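*Asks:* give me coordinates for this.
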Amino acid sequence: MESFFKLKENNTNVKTEVVAGITTFMTMAYILAVNPSILSASGMDKNAVLMATALASFVGTILMAVLANYPFALAPGLGLNAYFAYTICGSMGYSWQFALLAVFVEGLIFVVLSLTNIREAIFNAIPLTMKKGVSVGIGLFVAFIGLQNGGIVTNDESTLVSIVNFRDNFTTSGITALLAVIGVFIIAVLSIKNVKGSILIGIIATWLIGLVCQLAGVYTVDVENGFYSLIPSWSNFDITAIGETFGQCFNMKAVGHVDALDFVVIIFAFLFVDMFDTLGTLVGVANKANMLDEEGKLPRIKPALLSDAIATSVGAIFGTSTTTTFVESSAGVAEGGRTGLASVVTGLLFLVSIVLAPIFTTIPSFATAPALIYVGFLMVSAVVEIDFSDMTEAIPAYLCLMAMPLMYSISEGIAVGFISYVVIKVFAGKAKDVTPLMYVLAVLFVLKYIFL
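*Replies:* Predicted coordinates for the structure are as follows:
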């Protein structure tokens, strides 16, 4: 392991990497429940999607470990799965087999782009200040997701978001939000005391406290409103269900009639969002781990991007939407993960989850939410590295980091940042600071808003 993963060279050890890998998995385990729930709206079998999600995550994460030696984990991404289910299979009326075919083709295109250095060139063309802004923006975005998953922040008609009312429905929404808050304090205190594995301990401790609350009657199970039992159950689970979706992207009879224009638009949408979600995540997480070099470039980015691309096509064959690098990898990085060994641990846990899925899917979102909130704090610390003395650099970075949580999208935040960077630089008389590729990307983002 030392010779393959270069542990000493990366100032880490086996124990640290194992804890980091477990932590990353624990913060990502929710996808095993969320992805089947979303994709089932397209008519796909829930158990089949769960199996496909676990397998795609395993393959993608192991590829990242072997090819790039980075502690980044992959899984079917949120946002693109909703586009898959509700837009392609919903409003557009196509079959889920058609959508899987589009994902498969998108992955192949990504492989070509990765091998021809196009994605790497895009990554390296991003100004260092913008990379810092992306890192901070992802931190805010991750924290916001944590606040939502924990039920601390809720929908509000007048202000869009609001804090939960702890008194109303205390045995469901009230107690879960309170447990999430307790989890944040547990992780914070353990981290301040430099306890190794503080994030993982916080997740498990919050879940166990929730179990005690359920057994004591303080927490009430209300399935209709999304408050499930915290006790694992093996009922209604079928491991052979993967046969329902495996290879269906090649079932042309089920795919049905394909409108060429729609197919191109769908693939382009997948490409655009996936590319910049991945790049944004790599920038943010790598920056937090101090993996970027002096020029702000990520060494071995080509194999990292290639792993992501291959995982997308493989995931489509298994039967799931676009597989991408997960921002939750930052939780493992925060625990000290620096090499692919952490990814191997995460990948193996996804493989094991095929058998133990009922246990992993039982881990409630209010238990993983504190980890996301704390990781958000760690990533926001990069804001002090932004050069606020140069307004032409600082304002685009600010717009980028502000847009991510408020628009609920990493790729939208990058779009806002890129467009504003080019516009501000040009009109401020600093056009020479902008690389040619940044002009191209800014124009593409503007065209995206016009035509997509």
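*Asks:* which residues in the stretch 101-250 of the chain form strands?
*Replies:* Assigned by DSSP state E, counting those that start in this stretch, the strands in the stretch 101-250 of the chain fall at 153-156, 160-163.
*Asks:* winner for burial among these?
*Replies:* Of the strands of the stretch 101-250 of the chain, the one with the most neighbours on average (mean count of other Cβ atoms under 10 Å) is strand 153-156, at a mean of 13. Just so you know, the C-beta spots here come from the backbone N, C-alpha and C atoms, and that holds for glycine as well.
*Asks:* pretty sure Ile386 contacts Pro396?
*Replies:* No - applying Cβ atoms under 8 Å, one finds Ile386 not in contact with Pro396, separated by 10.2 Å.
*Asks:* quick check: neighbours shared by those two?
*Replies:* Thr129, Gly133 (Cβ atoms under 8 Å, 6 or more residues apart in numbering).
*Asks:* higher neighbour count, those two?
*Replies:* Pro396 (24 against 21; other Cβ atoms under 10 Å).
*Asks:* contacting residues around the more buried one?
*Replies:* Here Pro396 is in contact with Thr129, Met130, Gly133, Gly417, Phe418, Ser420, Tyr421, Ile424 (Cβ under 8 Å, 6+ apart).
*Asks:* most neighbours among these, which one?
*Replies:* Gly133 (34 neighbours).
*Asks:* how about low-confidence regions in this protein?
*Replies:* 235-237, 361, 452 (pLDDT under 70).
*Asks:* could you list the domains of it?
*Replies:* 2-383, 387-451 (automatic domain parsing).
*Asks:* of these, flag the one that's most buried.
*Replies:* It is domain 2-383: most buried of those by mean count of other Cβ under 10 Å, with a mean of 21.
*Asks:* center of the protein, which residue is that?
*Replies:* Central residue of the chain (Cα atoms, centre = their mean): Phe326, 3.1 Å from the mean position.
*Asks:* for Lys432, see how far away that residue is.
*Replies:* Going from Phe326 to Lys432 by Cβ to Cβ, to the nearest Å gives 37 Å.
*Asks:* same check, this time on Ile242
*Replies:* 55 Å.
*Asks:* same check on Gly417?
*Replies:* Noted for Gly417: a distance of 19 Å to Lys432, by Cβ to Cβ.
*Asks:* which helix or strand contains the spatially closest residue to Gly336 that is not a sequence neighbour?
*Replies:* What sits nearest to Gly336 in space, not counting adjacent residues and going by Cβ to Cβ, 6 or more residues apart in numbering, is Thr16, at 4.2 Å. Element membership for Thr16, per DSSP states H and E: helix 14-28.
*Asks:* one more: Leu372?
*Replies:* helix 365-380.
*Asks:* and if you look at Val446?
*Replies:* Per DSSP H and E, Val446 falls inside helix 436-451.
*Asks:* which neighbouring elements make contact with that helix?
*Replies:* helix 118-125, helix 410-427 (3 or more Cβ pairs under 8 Å, 6 or more residues apart in numbering; DSSP states H and E).
*Asks:* report the angle between the shortest one and helix 436-451.
*Replies:* So the one you mean is helix 118-125. 110 degrees (axes from the mean of the first three to the mean of the last three Cα atoms, to 10 degrees).
*Asks:* helix 118-125 - contacts with which helices or strands?
*Replies:* helix 96-115, helix 260-288, helix 301-318, helix 436-451.
*Asks:* got it, and the last one?
*Replies:* On a contact count with 3+ Cβ pairs under 8 Å, 6+ apart, helix 410-427 meets helix 128-149, helix 260-288, helix 391-407, helix 436-451.
*Asks:* among those helices, which comes closest to Thr362?
*Replies:* For those, proximity to Thr362 was assessed by Cβ to Cβ; helix 128-149 is nearest, at 15.0 Å.
*Asks:* ok and that closest one relative to helix 436-451, angle-wise?
*Replies:* 40 degrees.
*Asks:* helix 128-149: how far from the chain's middle?
*Replies:* 11 Å (Cα atoms, centre = their mean, to the nearest Å).
*Asks:* just stretch 19-36 next, same as before
*Replies:* Worked out by Cα atoms, centre = their mean, stretch 19-36 lies 10 Å from the chain centre.
*Asks:* which residues does the spatially closest residue to Leu100 that is not a sequence neighbour contact?
*Replies:* The spatially closest residue to Leu100, leaving aside those adjacent along the chain, is Cys249, at 3.7 Å (Cβ to Cβ, 6+ apart). Listed by Cβ under 8 Å, 6+ apart, the contact set of Cys249 reads Gln97, Leu100, Leu101, Val103, Phe104, Val255, Ala316, Ile317, Gly319.
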